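>>> Have a look; sequence and predicted model below, questions after that.
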Amino acid sequence: FAIAALAGCSTSGAEAEGTAAESPYTLIQPDSIRVASIGDAKPYTYTDASGEFTGFDVELFTDVAGRIGIDDVVFTGQDFAAILPGVANGQFDVGAAAIGITAEREQTVDFTDGYLAGYLTVLTPEDSGVGSADELDGRRLGVVQGSLQEAYAVKNFTETDIVRFPDNNTAVSGMNSGSIDAHFLDYEAAKDYMEQYGHVSAADIPSFDAPAGFAVAKGNEQLRDDLTAALHEAMEDGTWKELYEKWFPGSPMPDQYLPSAEQSEAA
Ligand SMILES: NC(=O)CC[C@H](NC[C@@]1(O)OC[C@@H](O)[C@@H](O)[C@@H]1O)C(=O)O
């Protein structure tokens, strides 16, 4: 019986259609996109109570992937420092986690156009005595390994002990237990911890020259270009604005990602 069954088996039409040859993109699995992200950068990217990934970057990427015909998007949490290497070595198709586009990072991966420009924030307990970036001298400052905050702190806070963490949660729990005096992270994520613990901002440093982009492996130009085109569609039809207002209510809205009709002439 077994031999007859084997003889009868054949590749179903659907499987044949799903071969890599069909997809214009070099994906790990045709018709699905595997995304490396981080679980604790709320409201950019984070895992909610049911363990599902959600947030501004997650919903924007999922929308953009849908526009290029891929509805199966699988997010996996990584330490931030592992994201770009994971994309470069083909472990993931895309990196999405408020990742600022820099020339240095473009040596490792390619990026879509930017989709979010904002601030880097020094988060600190209200009674820490760190009232501004100048008062970081001699203090201990947390950064997420591999982040722009790490690079900025190394360059600018030369009298500060810089302590590297794999992610925001370990840094903030370190700060709450007094092992560091402040943590240096993205503005909207800082706001979330302020609401949770009553911490304050000692400094908000603009990072408009490194807007966040979606990272793809070098050589995957078609995927990168099509994601960029879909991103601009999402900006032009107001999807970007709707998601921004949903996830960053009350925050100043960068002008350059709005529908062109709504952009101020000055831009
Ligand atoms: N998820 C993270 O920890 C990312 C930290 C950090 N994000 C910086 C940034 O991309 O955040 C979103 C916007 O504010 C960008 O202007 C900013 O450069 C980085 O790219 O290194």
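Good, I have the coordinates.
>>> and the spatially most central residue of the chain, helix, strand or coil?
Centroid-nearest residue in the chain, with Cα atoms, centre = their mean: A97, separated by 1.2 Å. Classification of A97 by DSSP: H, G, I helix; E, B strand; the rest coil places it in coil.
>>> now do the one 5 residues further on
Of the three states, T102 takes coil according to three-state DSSP.
>>> Please verify my assumption that it contacts S147.
No: at 11.0 Å, T102 does not count as touching S147 under the criterion of Cβ atoms under 8 Å. Backbone N, C-alpha and C define where each C-beta goes, glycine included.
>>> These two: which has the busier surroundings?
Counted by other Cβ atoms under 10 Å, T102 and S147 do not tie: S147 has more neighbours, with 24 against 15.
>>> Please tell me how far the more buried one sits from E236.
Distance, S147 to E236, using Cβ to Cβ, to the nearest Å: 31 Å.
>>> Next up, the contacts around E104.
Listed by Cβ atoms under 8 Å, 6 or more residues apart in numbering, the contact set of E104 is empty.
>>> for Y197, same thing?
Residues in contact with Y197 (Cβ under 8 Å, 6+ apart) are P125, V172, N176.
>>> Tabulate the residues you listed in TSV, adding columns for pLDDT and neighbour count.
As requested, the contacts of Y197 are exported to TSV (pLDDT from 0 to 100; neighbours: other Cβ atoms under 10 Å):
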residue	pLDDT	neighbour count
P125	98	16
V172	98	24
N176	98	15
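>>> Select from these every entry located in helices.
Among the contacts of Y197, the members falling in helices (DSSP state H) are V172, N176.
>>> give me the subset of the contacts of Y197 touching the ligand.
Counting by Cβ under 6 Å from any ligand atom, nothing from the contacts of Y197 sits close to the ligand.
>>> now, among the contacts of Y197, which is nearest to the ligand?
For the contacts of Y197, the minimum distance to the ligand (Cβ to the nearest ligand atom) is 12.3 Å, reached by V172.
>>> Verify the stated contact: the closest one with D192.
No: with contact defined as Cβ under 8 Å, V172 does not reach D192; the gap is 9.9 Å.
>>> Quick one: name the residues of the stretch 151-267 of the chain near the ligand.
By Cβ under 6 Å from any ligand atom, the part of the stretch 151-267 of the chain that sits against the ligand consists of D186, S207, A210, P211, A212.
>>> Turn those into JSON lines, including neighbour count, secondary structure and pLDDT.
Formatted as JSON lines, those follow (neighbours: other Cβ atoms under 10 Å; DSSP: H, G, I helix; E, B strand; the rest coil; pLDDT from 0 to 100):
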{"residue": "D186", "neighbour count": "26", "secondary structure": "strand", "pLDDT": "98"}
{"residue": "S207", "neighbour count": "22", "secondary structure": "coil", "pLDDT": "98"}
{"residue": "A210", "neighbour count": "19", "secondary structure": "coil", "pLDDT": "98"}
{"residue": "P211", "neighbour count": "20", "secondary structure": "coil", "pLDDT": "98"}
{"residue": "A212", "neighbour count": "24", "secondary structure": "strand", "pLDDT": "98"}
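>>> Pull the most distant pair out of those residues.
Comparing every pair within those by Cβ to Cβ identifies D186 and P211 as the most remote, at 12.1 Å.
>>> what about the stretch 151-267 of the chain, any weak spots by pLDDT?
Applying pLDDT under 70 to the stretch 151-267 of the chain flags residues 265-267.
>>> where do the strands sit along it?
Assignment of strands within the stretch 151-267 of the chain using DSSP state E, counting those that start in this stretch yields the ranges 161-165, 182-186, 200-206, 215-217.
>>> what's the second one packed up against?
Here strand 182-186 is seen to pack against strand 119-124, strand 140-144, helix 148-156, helix 168-176 when contacts are counted using 3 or more Cβ pairs under 8 Å, 6 or more residues apart in numbering; DSSP states H and E.
>>> switch the cut-off to 10 Å
Packing partners of strand 182-186 (3 or more Cβ pairs under 10 Å, 6 or more residues apart in numbering; DSSP states H and E): strand 40-41, strand 119-124, strand 140-144, helix 148-156, strand 161-165, helix 168-176, helix 187-197, strand 200-206.
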